[in-house]
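Peer 1: need coordinates for the below:
(4 chains)
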There are 2 protein chains.
Amino acid sequence: MNHHPTTFCPAYRAIGVLQEKWVLHIVRALLSGNRGFNELARMVGGCNSATLTQRLEQLETLGIISKATDAEVTGKLARSIYSLTTAGRELQGVIDAIDAWGRAHLAEDPAGDLAAVDGCGGSEAAPVADSPDPGVTPLTRV
Amino acid sequence: MNHHPTTFCPAYRAIGVLQEKWVLHIVRALLSGNRGFNELARMVGGCNSATLTQRLEQLETLGIISKATDAEVTGKLARSIYSLTTAGRELQGVIDAIDAWGRAHLAEDPAGDLAAVDGCGGSEAAPVADSPDPGVTPLTRV
DNA sequence: CTCAAGGGGTTTAAAATGTCAAGTAGTGTG
DNA sequence: CACACTACTTGACATTTTAAACCCCTTGAG
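Peer 2: Numbers count the residues shown, from 1 in each chain, chains lettered A, B, ... in the order given. From the prediction side, this is the model:
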């Protein structure tokens, strides 16, 4: 990240974080509930394990997501569960804004490549500015 | 772009567009006024001509920005001027959301690399925790 | 005229980054 | 036992981004 000093500001940095590949996708997937590794990989669709692992680590370091290894639920299986931190959950507003913009401006206009198929089984009817209470079950902290 | 079909939606596509390197920076710079090429490069800070040219072309194709060659203003100099289209201007909401989030969560916390030095060349008067004013975020004026 | 400076790019190879196919290790199922 | 599932790791490979140089063109100063 080589942001030159004279133009620095929190927003600049925020963009630097959010513009990294898959980050927004991961956050979006996590906004709809906590997920395991492979589950996340499937939802994000197109990201491989290596990249996903890397992104997940970065996001954890940044305090956007947290990883919990719930070693109790299924006995001894070490299933990792990723969830958003408070900071991460507040990205809902960003996702909503992107979502709204996307629907308004490239809903059925695949100038590039791909045709829209249907609403993505997630944040439909997401009016901007809802109270950030996804009501996710808090799980074992790591 | 390899978006797998089962999860596709406008938002997914929007993320795909906005997550490309420099795109958000470019939009942010352009939200504060129309810019020439080198001017834009300086504002964005860190992007080189090659990449900038490429991004600018992509964004133009996507209908987010438009390029005008005003051959009149300075006589015969072919100065290119980039500006946002309507669709592009509506990204204001996204930028605002990112901006607000950045101020709230990584204002002075460079866990990664870089120390915050000052307000970015213009967005002072940044009242922390302000309501996401949909009007105009004060950025660098022209 | 010549030189430096600014605007608007393009071209190059190299570095950074992302991706893929496998493989590892533990568990649970048929 | 063989195979599918979990969560990763590894090393080769592909793509993207980068700096630096170079190109053209205009203006202003000396």
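Peer 1: just name the shakiest helix or strand of chain A by mean pLDDT.
Peer 2: Lowest by mean pLDDT, DSSP states H and E among the helices and strands of chain A is strand A:65-70, with a mean of 86.
Peer 1: what's the single longest helix in chain A?
Peer 2: helix A:92-106 (DSSP state H).
Peer 1: quick one on the thing from earlier: tell me which residues in the least confident helix or strand of chain A are buried?
Peer 2: For strand A:65-70, the buried set under the neighbour-count rule, 16 or more other C-beta atoms under 10 Å in any protein chain shown, comprises A:65, A:66, A:68, A:70. Where C-beta positions appear, they are placed from N, C-alpha and C, glycine not excepted.
Peer 1: could I get those residues as a markdown table with distance to DNA strand C?
Peer 2: Converted to a markdown table, the buried residues of strand A:65-70 look like this (distance: C-beta to the nearest atom of the strand, whole Å):
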| residue | distance to DNA strand C |
| --- | --- |
| A:65 | 17 |
| A:66 | 21 |
| A:68 | 18 |
| A:70 | 13 |
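Peer 1: by contact count, what packs against the longest helix of chain A?
Peer 2: Using 3 or more C-beta pairs under 8 Å, 6 or more residues apart in numbering or on different chains; DSSP states H and E as the contact test, the elements touching helix A:92-106 are helix A:23-31, helix B:10-18, helix B:92-105.
Peer 1: nearest approach to residue B:31 belongs to which of these?
Peer 2: The minimum distance between residue B:31 and those falls on helix B:92-105, with 5.9 Å, by C-beta to C-beta.
Peer 1: for the closest one, buried residues please.
Peer 2: Buried-residue list, helix B:92-105, by 16+ other C-beta under 10 Å: B:92-103, B:105.
Peer 1: OK, contacts around the closest residue to residue A:104 other than its chain neighbours?
Peer 2: Nearest residue to residue A:104, sequence neighbours excluded (C-beta to C-beta, 6 or more residues apart in numbering or on different chains): residue B:90, at 6.7 Å. Residues near residue B:90 by C-beta atoms under 8 Å, 6 or more residues apart in numbering or on different chains: A:101, A:104, A:105.
Peer 1: and residue B:90, what are its phi and psi?
Peer 2: Main-chain torsions, residue B:90, degrees, to the nearest 10: phi -70, psi 0.
Peer 1: coming back round to it: pLDDT averaged over the longest helix of chain A, what's the number?
Peer 2: Mean pLDDT, helix A:92-106: 91.
Peer 1: and DNA strand D, which of the buried residues of strand A:65-70 contact it?
Peer 2: By C-beta under 7 Å from any atom of the strand, no member of the buried residues of strand A:65-70 lies near DNA strand D.
Peer 1: what about residue A:46, neighbour count?
Peer 2: For residue A:46, the neighbour count with other C-beta atoms under 10 Å in any protein chain shown is 16.
Peer 1: that one in helix, strand or coil?
Peer 2: coil (DSSP: H, G, I helix; E, B strand; the rest coil).
Peer 1: got the confidence number for it?
Peer 2: At residue A:46, pLDDT is 79.
Peer 1: sorry, back to before: make TSV out of the helices and strands packed on helix A:92-106 and add distance to residue B:58.
Peer 2: Shown next, in TSV, are those (distance: least, C-beta to C-beta, whole Å):
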stretch	distance to residue B:58
helix A:23-31	18
helix B:10-18	8
helix B:92-105	17
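Peer 1: with distance to DNA strand D added, can I get those in TSV?
Peer 2: Output for those, formatted as TSV (distance: least, C-beta to the nearest atom of the strand, whole Å):
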stretch	distance to DNA strand D
helix A:23-31	13
helix B:10-18	12
helix B:92-105	18
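Peer 1: among those, which comes closest to DNA strand C?
Peer 2: Minimum separation from DNA strand C across the helices and strands packed on helix A:92-106 (C-beta to the nearest atom of the strand) falls at helix A:23-31, 8.8 Å.
Peer 1: next, the buried residues of stretch A:46-53.
Peer 2: For stretch A:46-53, the neighbour count (16+ other C-beta under 10 Å) marks A:46, A:47, A:52 as buried.
Peer 1: from residue A:69, how far off is the last one?
Peer 2: For residue A:52, the distance to residue A:69 equals 16 Å [C-beta to C-beta, to the nearest Å].
Peer 1: can you check residue A:79 too?
Peer 2: For residue A:79, the distance to residue A:69 equals 7 Å [C-beta to C-beta].
Peer 1: again, but for residue A:24
Peer 2: Taken as C-beta to C-beta, the span from residue A:24 to residue A:69 is 25 Å.
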